[in-house]
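In: everything below, folded, please.
(one chain, ligands or ions: 1)
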Amino acid sequence: MNDFSFVALFIMKQNKLTMVTLPNDIVEYIWQFSPDHREKLNTVLEELDDYFNIYCENEMCENIVHRKDAICTTTVRIRDYRTNERKYFYCCESCMDYGTWSIGYDTRKYFRRLAG
Ligand SMILES: [Zn+2]
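Out: Model (predicted):
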């Protein structure tokens, strides 16, 4: 039990404000919950929103698409003898076609510059 074990309700009774204390079981139940839970939950919900609602990765498109509805492609990049895989999300097939071409174009340009 913490210092704030006294919880009361104020109710209107015959046009008078009356204070009613709550039973100990209910008071203990209320204090099981953290008062700053709602504030932290908002942060978590915003992070989840950022994770699930993403911008189409076609650089010419600004659509926001849900991660499960998006068309996902995987591009394997080889850099410094290490292979890393990256997923790209698109809102539709035409965006996927252009986005995939654009990424390939940039990759070819990058390797051409490395070759000199
Ligand atoms: Zn798009």
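
In: can you give me the neighbour number for the closest residue to residue 55 other than its chain neighbours?
Out: Excluding its sequence neighbours, the residue lying closest to residue 55 (CB to CB, 6 or more residues apart in numbering) is residue 64, at 5.9 Å. All C-beta spots, glycine's among them, are computed from the backbone N, C-alpha and C. Residue 64 is flanked by 10 other residues according to other CB atoms under 10 Å.

In: so who does residue 64 touch?
Out: Listed by CB atoms under 8 Å, 6 or more residues apart in numbering, the contact set of residue 64 reads 53, 54, 55, 56.

In: let me have these in a markdown table, adding secondary structure, pLDDT and distance to the ion as columns.
Out: Listed next are these as a markdown table, based on DSSP: H, G, I helix; E, B strand; the rest coil; pLDDT from 0 to 100; distance: CB to the ion, whole Å:
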| residue | secondary structure | pLDDT | distance to the ion |
| --- | --- | --- | --- |
| 53 | strand | 95 | 13 |
| 54 | strand | 94 | 11 |
| 55 | strand | 95 | 8 |
| 56 | coil | 95 | 3 |
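
In: you'd agree residue 59 is up against residue 103?
Out: No - counting by CB atoms under 8 Å, no contact exists between residue 59 and residue 103, whose distance comes to 9.4 Å.

In: between those two, which one's more packed in?
Out: More crowded of residue 59 and residue 103, by other CB under 10 Å: residue 103, with 18 against 13.

In: the more buried one against residue 86, yeah?
Out: No - counting by CB under 8 Å, residue 86 is not a contact partner of residue 103; they are 9.2 Å apart.

In: what subset of the contacts of residue 64 is buried?
Out: The neighbour-count test (16 or more other CB atoms under 10 Å) marks 54, 56 as buried among the contacts of residue 64.
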